[in-house]
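**Student:** I would like to see how this sequence folds:
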Amino acid sequence: MSVRKLEDKQNDNGFTIKMFEIMLKNESDSERRVVHQYNCTAWPGDVIDTSAHLIEFTHSLRKAKKEFGVGPTLVYSTDCQRTGTVIVVNAILDMAEESSEIDVFNFVKETLSSCPHIRLKENQYAFIYEMILECLFCGATNISLAHFPDRYKEIQIKRSILGRPVIQEEINNIEALLSIQTQNDYTLRAKVSEPLLIGMDIEEDVVYSNTKSTNSYLVPRESTLTDFYNFWEMIYKYKSYTVVMLDAEDERIGSLVPKRKMTKGQFTVEVLSSEKIDCVLKRILKLTKGKEIPREICHLTFLDWPKESQKPSYLGYFKQFCDDVREVQRTNNRDDYVTVCSLDESRSGFFCAVDIIVRKMNANALVDVYHTVKRIKRVSSSLLDTENHYKLCYEIANICADDSCDIYESINL
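**Tutor:** All right, here's what the predicted structure looks like:
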């Protein structure tokens, strides 16, 4: 037997495809076979969470099985639980193509009985349901920036296999998964008095809770936002140098920043400068704790989100505000927490979602609204009003995609 590599493709969606030629030689004849190897590279560490990469990998694998004919599929991993998960998900999807009914419980039960070395934990069992839901009703949610405007138009009119709008199906999936999240080991929660910590690793395509990463957000709870000492103590403790305020009209939050200077306990806050540009109020503050070295804080308030409204007055201004925050961090060369403040935590979650979506656009030229929103909601269900903010995330992504296309066209003129 001889083996020769024919091709090696690196896919942008988190997996590689390799082609091998196998020659089987005997005394009278020889047989040539071509084997396709799909290697998933986007399943980091101990993370038990679906991603656009895993969904794309599953769809590509199933497409290859149909294209290259019959025969068994060899599934292997150093983690037998992952092997079992891939086998079960693909078998259930096969079942869904042949029948209008699927039976996950009994299939998993029979699989585990026949393969005792594959032992699934409770969160892995929930993960299988999540993968099946997304594959059946959402499909590939990772969209290239260049194709996003056309895909966005298509998504608005496209229907799922149940006849519902695709965007509504994505919202239903998120809500369905959130309804059972209290039973999942991988759902992390914070105490009412503690801030919500959100970390996003753009390259790994993972959202973390209570873990700082390259893009991190700190969302204070209401009890902290209405107390001057507790708020600035939190800012000092987490070493946050950028504060975003989304409640311009609420006096309870407005009192956190003095007109000139204020001291309470060990903390003194002094306004060094204040500048209003369009819908943004930018202030530079000096935060001092006792006799320690003062810290300079950039405080940005968005002025165009009415108190009783579920969305900003104009999405273009909000998108520009998010850009301003990123520019402040880039200019100051900071990789610290962005503290996002609002008495309505869904506003804070919306800001985090938009910022992560745009950062991913800039880094990888990809848009994935579904998984970004799902992961933020998993940190806390109070982050984002799914029904309203989900569609707004798509709208802002479309604004960004149109801007990128205009820039590209102007460069090539």
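**Student:** center of this structure, which residue is that?
**Tutor:** residue 372 (2.4 Å; C-alpha atoms, centre = their mean).
**Student:** if I look at that one, how far off is residue 129?
**Tutor:** 21 Å (C-beta to C-beta, to the nearest Å). Bear in mind the C-beta positions are built from the backbone N, C-alpha and C, glycine included.
**Student:** quick one on the thing from earlier: so who does the residue nearest to the centre of the chain touch?
**Tutor:** 207, 353, 356, 357, 360, 393 (C-beta atoms under 8 Å, 6 or more residues apart in numbering).
**Student:** out of these, who's the most crowded?
**Tutor:** In terms of neighbours by other C-beta atoms under 10 Å, the contacts of residue 372 top out with residue 353 at 27 neighbours.
**Student:** I'd guess that one is in a helix, am I close?
**Tutor:** Yes. According to DSSP: H, G, I helix; E, B strand; the rest coil, residue 353 belongs to a helix.
**Student:** where exactly do the strands run in this protein?
**Tutor:** Ranges of strands within the chain are 2-11, 15-25, 30-40, 143-144, 196-201, 206-209, 215-219, 242-245, 261-264, 267-277, 280-289, 295-302, 338-341, 366-367, based on DSSP state E.
**Student:** what packs against the third one?
**Tutor:** Same thing as strand 30-40. Counting contacts by 3 or more C-beta pairs under 8 Å, 6 or more residues apart in numbering; DSSP states H and E, strand 30-40 is packed against strand 15-25, helix 52-67.
**Student:** quick one: buried residues of that strand?
**Tutor:** 36, 38, 40 (16 or more other C-beta atoms under 10 Å).
**Student:** same deal with the fifth one?
**Tutor:** Under the neighbour-count criterion of 16+ other C-beta under 10 Å, strand 196-201 has 196, 197, 198, 199, 200 buried.
**Student:** ok, now the second one?
**Tutor:** Counting neighbours by 16+ other C-beta under 10 Å, one finds that the buried residues in strand 15-25 are 15, 17.
**Student:** next, the angle from that strand to helix 52-67.
**Tutor:** Orientation of strand 15-25 against helix 52-67 (axes from the mean of the first three to the mean of the last three C-alpha atoms, to 10 degrees) gives an angle of 30 degrees.
**Student:** partners of strand 15-25 in the sheet?
**Tutor:** Sheet pairing of strand 15-25 (DSSP bridges) gives strand 2-11 (antiparallel), strand 30-40 (antiparallel).
**Student:** residues in contact with stretch 104-115?
**Tutor:** Defining contact as C-beta under 8 Å, 6+ apart, one finds that stretch 104-115 is touched by 84, 87-88, 91-92, 95, 118-120, 125, 128-129, 132.
**Student:** out of these, which end up buried?
**Tutor:** Applying 16+ other C-beta under 10 Å to those flags 84, 87, 88, 92, 118, 120, 125, 128, 129, 132 as buried.
**Student:** restricted to helices, list the residues you listed.
**Tutor:** 84, 87, 88, 92, 125, 128, 129, 132 (DSSP state H).
**Student:** domain parsing for the chain?
**Tutor:** 2-140, 179-411 (automatic domain parsing).
**Student:** how long is the shortest one end to end?
**Tutor:** Looking back up the chat, that one is domain 2-140. For domain 2-140, the first-to-last residue distance is 37 Å (C-alpha to C-alpha, to the nearest Å).
**Student:** now do that domain: distance to the chain's middle.
**Tutor:** Centroid displacement of domain 2-140 relative to its chain, using C-alpha atoms, centre = their mean, to the nearest Å, is 23 Å.
**Student:** report the rounded mean pLDDT for that domain.
**Tutor:** Averaging pLDDT along domain 2-140 gives 78.
**Student:** now swap in the longest one and tell me
**Tutor:** Taken as a whole, domain 179-411 has an average pLDDT of 83.
**Student:** so residue 347 touches residue 302, yeah?
**Tutor:** No. Taking contacts as C-beta atoms under 8 Å, residue 347 lies outside contact range of residue 302: 9.3 Å.
**Student:** and the gap between the closest residue in space to residue 159 that isn't next to it in sequence and residue 395?
**Tutor:** Spatial nearest neighbour of residue 159, chain neighbours left out: residue 165 (6.4 Å); criterion: C-beta to C-beta, 6 or more residues apart in numbering. Separation of residue 165 from residue 395 (C-beta to C-beta): 15 Å.
**Student:** pretty sure residue 301 is touching residue 285, no?
**Tutor:** No. If you go by C-beta under 8 Å, residue 301 and residue 285 don't touch, sitting 11.9 Å apart.
**Student:** which one of the helices and strands packed on strand 30-40 lies closest to residue 9?
**Tutor:** strand 15-25 (4.5 Å; C-beta to C-beta).
**Student:** touching, residue 392 and residue 349? I think so.
**Tutor:** No. With contact defined as C-beta under 8 Å, residue 392 does not count as touching residue 349 (11.6 Å).
**Student:** so between those two, which is more surrounded?
**Tutor:** Of the pair residue 392 and residue 349, residue 349 is the one with more neighbours under other C-beta under 10 Å, namely 28 against 20.
**Student:** ok, now which ones touch that one?
**Tutor:** 219, 376, 377, 380, 382, 383, 384, 389.
**Student:** with adjacent residues omitted, what lies nearest to it?
**Tutor:** Closest to residue 349 by C-beta to C-beta, 6+ apart is residue 383, at 2.8 Å.
**Student:** backbone phi and psi for the one you found, please?
**Tutor:** phi -80, psi 120 (degrees, to the nearest 10).
**Student:** look at stretch 276-285 and report the distance between its end residues.
**Tutor:** Across stretch 276-285, first to last residue, C-alpha to C-alpha, it's 15 Å.
**Student:** if we can go back for a sec, gap between the residue nearest to residue 349 and residue 352?
**Tutor:** Counting by C-beta to C-beta - residue 383 and residue 352 are separated by 7 Å.
**Student:** with neighbour numbers in mind, choose between those two.
**Tutor:** Shown here are residue 383 and residue 352; by other C-beta under 10 Å, residue 352 has more neighbours (29 against 26).
**Student:** just to revisit the earlier point, so which of the strands paired with strand 15-25 is nearest residue 276?
**Tutor:** Residue 276 lies closest, by C-beta to C-beta, to one member of those: strand 2-11, at 47.0 Å.
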